[in-house]
Structure formats: C-alpha cells, structure tokens
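**Q** I would like to see how this sequence folds:
(chains A and B)
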Amino acid sequence: MKLPNSLKTDRVTRYKWIAIIIVLIALIVLPLCIESNYIKHLLIMACIGAILGMTFSLLFSSGLITLGAAAFYAVGAYSSTVLVMNAGLSFWAALPLTLVFTAILALGFGAVFVRNAGVAFVIITLIFAQVVVLAAAQADFLGGWGGIMGIPRPNPVGTVNFAAKTDYYYLILAMLLLVVLIYNALYSSRIGRAWRAIKLSPKLAGTLGINEYRYRLLAFVIGSTTAALAGCFYAHYSQNITPGAFGGWLSIYVQLYAVLGGLEFYILGPAIGAVVMTFVPEYLRIVKEWEPIITGVILLVVILFFPGGILGTLKNPPALSLNKFHSLYNRLVTGKKRDSNS
Amino acid sequence: MLLKINNLTVQYGKAEVIKGLSLEVGETEIITIIGANGAGKTTVLRAISGLKPPASGDIWFRGSKISGLRAHEIVRLGISHVPEGRRILAPLSVAENLEIGAYLIKTKRERGTAFQNIFDHFPVLKERMKQLAGSLSGGEQQMLAIARALLNQPRLLMMDEPSMGLSPLVVEQVGRIITDINNRGISIILVEQNARMALSLAGRAYVLEAGKCVLEGEAGALANDERVKHAYLGG
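**A** Model prediction:
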C-alpha cells in the first residue's frame, strides 16, 4: 500500500485549470481590444490595487490586520525614485535593490511591530503609515509635500519603450501574476499551513511546535516587500509622487479590496475587490469629494450584511430573512441583543 | 524521572492559581491530576507546555530544565498537549488538521510513516479525511485532537479533560485509547473531572484543591480513600 506523503485534498480540478487559462488569455488580450487610454489606466490601477490587497490578505492569513499597507508601498516608490534619479541607476537595477532595501527595513520594523498581535498591531501600522508620509513630506531631498516630478519611465527593453499604456499594463500584469504564483505556493506550503494555524489559534499553534512570532514576522516582511514592488512600479508609471498619494485613505481602500472581494479568498478576493472598487466609482461618475463617503457606506454594508464579501456570498448565499434585519434593528436601535429565534 | 516539577507557583495577575506544587512523572507511567473546577488542573498543564510561564519553581524534563522555554520549543523536546475542549481547527478539514499537526516532521517519508501510523490506530479519521473537522462527532474530534498530538512523537502526552462532553460509551473508548497509547511507551498526564475514569486508568494520582496538592498516592488506594470518595466519586 502506498503511504500518504501528503494529505492534500484540495487538488485543482481540470475545470479550474480551464478557467484559469481562459482568464489568463483574456487578461493578455484585453488591452488589444481597448483603445481608451483612460480604461487602460484604470486597469493598471486595478492591478496595483489587487497586489496591495493581496498583501493585506497575506498578513490576514496569519491573523494580522494591517492598516499600514500604504507605508511600504510609499517606501518602494520613494526608494526606487531616489535610486534612479539621484544614484543614476536604471529602473531594472533599482527594482531589485528597492525590494532588498524594503525587506531589510520591514524586518527591522516588523521585529518590533509583530510582537503585538491584535488591536495593538492595527494601531501601530496605522500610525507607522502616517509617520512614513510625514517623514517623506519633511525630507527636502524627497521634495517635501510637493513630491518628486519627472520620474523617468522604465528603461526600454528591446522594442518595448513604455511610451504606451499597454506596455505598462503588461509589466504590472507580469508583476501581479508573479505575486499570485508566489503567494499561491506559499499558501499551499508548510508556511501557509502554519499561518492558518496561528490565525485560528496562536496558542494551539505553539503547542504544535509553530513559532508564532517568526511566522508572523515572515508574513510581514513578504507582504511589505510585495507592496514595495507595486510602489516601485507606481512611481515610474505616474512619473510623479507626492506624500499625499500614500495617505491614510489608501490603506483603508486596500483593506476594502480584500473585505469586499471576500476575506477568506486570499488571492481572488483582493483581485475582484480591486477591480470593482476601481471601475464602479468611475462609472458612477462620482464626484471625488463624495468618494470616501460612498466607500465608507460600502464597507459598512458589506461588513453588516455580506461578511463573506462578493466571493463568500456567491459561495454560500445567505438566506435572506427579515429576522436578520430585525435583529440588526434591535441591536442598533434598542441596543438589545436579541436572538432571532426568540 | 521523565518529568519533575519543583515547588511550582503560577499567577494570573496577583492571584496565585498554583501554590507550590511538586509533581513527578516516571517513564511509561500514567498519572492523573483530579480536582474540582478551578482547582488549577488546567493551569498545571499550561505551565508544563509553556503556554503560561510559571512565577517561580522549575520544571525538568528528561534531565533538562524546560520552565522558561516557549511552547513551540517545548513540544520539540517531546511533550504534546491535547488542550481542553478538543481545540481542533474546526473550519479546516481533518486532513489539514493532521498536516498542521505534522508540522515538526520535515521529511516526506517520515510524514508518510507518521500518517500511516495514525490511520492504523484511528481508522475513522481516514474515512473522514475530507470532512471539516467541525462537522465530526465529539468522540471523533477528541480522536483527531489526540492523533494530532501523537504526530509529534511525544514521550509525554498531556490530556486535559478528554472525557468532557462525551457519552459514557465514547468515554470508555477514549479510556481504551489512553491505555493503548501508554502501552506504546508514552507517559501520560491525565487531567480529569471524571475522577472515576481517571483513577481507573492511572497508576498514581494527585488531588488538587485551590492550587495545592492535598493528597497523592497510588490511584487504587486513593479511589478507596474516604475523603476522595466523598468529594470526587459522589459517595
């Protein structure tokens, strides 16, 4: 009898593979069918959002909730800019250096941050993100609040010269796919299992021999480095960066991508959330000032009524019953917590 | 001695929960700690497995001091803990629970052998592999928790209330499993409110009251002790 080396049961079925290939082809062909640069821009921003959302989910998979996703995104954007503009490196040399630099920085800060899981970690990351923005604004060589303008495009590769949005789209798509591949491998490995065990019960994970601190730190470093990858791209795509672009709202949006798509879907959730949150407000032609309010309402509605997010709701459609609204009404209005059965 | 506890004191805030407890476990021995709710039984196990660092006193395992080590370090030395309330990972499948339990086993071959070993002893888990752990019956969940603890090949297995919430028939089954594990050369610390079951399985017993050991000795002798009978055996 063959000994079971692995007990893995969630094999990817043939249909899943077909679906993955179709989506992949669609993503590759997509910019060829679109002429509008504006829509291409939205696609690119959705890809950046998806990457950032996935970093939130990665930390979440180990039980950490970050409100500082923007911090290392900013670090990536600024370091790559400095390396290219001040040190005269090419984009392709600055990119790996930025990632190494961010990883070391994240290791240093993370070593302190992840000592406190739970609410303390949320607050620490929130404050850290603000500190990064203020630090960038105070540093003269980073251009202060005015930021840095005229950041060069990535250096040409063969005939690809990044003059057209389509070139950028393929670059960010490649980055996104790389992140998906690496994250997927992580989630199905020993590391991913350790993260899940820690998230479900840190104490129990400890009694199974899992070093909670080290695994949370690993998640923090990987997530932060990934955010820096997106930041690096963003700087050379938008060609100008200001501290304001990395403000507190961004971290809230990133969180929203993951929550809206479905928190339990670590890869697909943020991707779908980012696409929806990038395109829907644009098509509703929402005035910029109203956007945070609409976003807040969406977040509230999702958390209260569809805690599974888009994917979770599709997977397990909730039985719509008046009871649920009734008990919510009771809780909100009368402040009594009543069982819906009583 | 496999495990030796000297003068252990554990505090939650200012409250002393364990007050100067000394305890020993020999090779291939079953000992039980019995006592009422809140006597500190669970806290003793949490102190041994590193989940709750002791305030004073020390704990020795196979000749080296383990008090002060963290939980993930202690389990590597050969002490496994089956926590109270069968802390299985309910939203994950049985297979995933076992995969996480086998976290410390690094080579694929060893994992294979370990899983095969588990299925020989708990065939029901093999049938339930793809099911969510939370959907198992109480007895099956307890078996999963025990199996998961055994994957780390412990020398000492600590079980916290394994009979809790189980029907008498299943309690009997769990009792047989405990004896079976012990016959494989694994020492066991059994913490129980079900004193009758615990005293019938164990060689020696400690009676805990308000964090202090008030009685200790042969399990058979304690089972006939008037005070024990009165307080814990309902007679």
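**Q** now check stretch B:188-207, is it near chain A?
**A** No - Stretch B:188-207 lies out of reach of chain A by CB under 8 Å from any CB of the partner chain, never closer than 13.8 Å. Every residue, glycine included, has its C-beta placed from N, CA and C.
**Q** same question for that stretch, mean pLDDT?
**A** Stretch B:188-207 carries an average pLDDT of 93.
**Q** Check the spacing between B:K130 and chain A real quick.
**A** 5 Å (CB to the nearest CB, to the nearest Å).
**Q** Now do the SS call for the residue nearest to A:A69 when sequence neighbours are not counted.
**A** Distance criterion CB to CB, 6 or more residues apart in numbering or on different chains; nearest residue to A:A69, sequence neighbours excluded, is A:V254 at 4.1 Å. Three-state call for A:V254 (DSSP: H, G, I helix; E, B strand; the rest coil): helix.
**Q** Wait, A:V254 touches A:A50, no?
**A** No - using CB atoms under 8 Å, A:V254 is not in contact with A:A50; the gap is 10.0 Å.
**Q** Could you pull up phi and psi at A:N184?
**A** Taking degrees, to the nearest 10, you get phi -60, psi -40 for the backbone angles of A:N184.
**Q** my guess is it contacts A:I267, does it?
**A** Yes - taking CB under 8 Å as the definition, A:N184 is a contact partner of A:I267 at 6.2 Å.
**Q** quick one: pLDDT of the residue lying closest to A:G146 once chain neighbours are set aside?
**A** Take A:G146 and drop its neighbours on the chain: the residue closest to it by CB to CB, 6+ apart is A:T242, 6.7 Å away. Looking at A:T242, its pLDDT stands at 94.
**Q** again, but for B:E218
**A** 93.
**Q** ok, it - how many residues close by?
**A** By other CB atoms under 10 Å in any protein chain shown, 13 other residues sit near B:E218.
**Q** Point out the residues in chain B that sit beside chain A.
**A** Contact residues, chain B versus chain A (CB under 8 Å from any CB): B:49-51, B:70-72, B:75-76, B:80-81, B:83, B:87, B:89, B:91-93, B:95-96, B:98-101, B:103-104, B:108-109, B:111-113, B:115-116, B:129-130, B:148, B:152.
**Q** List only buried entries from these.
**A** B:49-51, B:71-72, B:75, B:80-81, B:83, B:87, B:89, B:92-93, B:95-96, B:98-101, B:103-104, B:111-112, B:115, B:129, B:148, B:152 (16 or more other CB atoms under 10 Å in any protein chain shown).
**Q** Filter those down to just the ones in strands.
**A** Among these, the ones falling in strands (DSSP state E) are B:S80, B:H81.
**Q** Just the buried ones among the residues of chain B next to chain A: which are in helices?
**A** Of these, the ones assigned to helices by DSSP state H are B:71-72, B:75, B:95-96, B:98-101, B:111-112, B:115, B:148.
**Q** Format those residues as TSV; extra columns: pLDDT.
**A** Output for these, formatted as TSV (pLDDT from 0 to 100):
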residue	pLDDT
B:A71	93
B:H72	93
B:V75	94
B:A95	91
B:E96	90
B:L98	93
B:E99	90
B:I100	90
B:G101	90
B:R111	88
B:G112	88
B:F115	91
B:R148	93
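**Q** So for residue 162, what's the nearest residue that isn't a sequence neighbour?
**A** Since you didn't name a chain, this refers to chain A. A:R153 (4.3 Å).
**Q** Can you look at chain B instead?
**A** Looking at B:P162 with CB to CB, 6+ apart, the closest residue is B:V174, at 5.2 Å.
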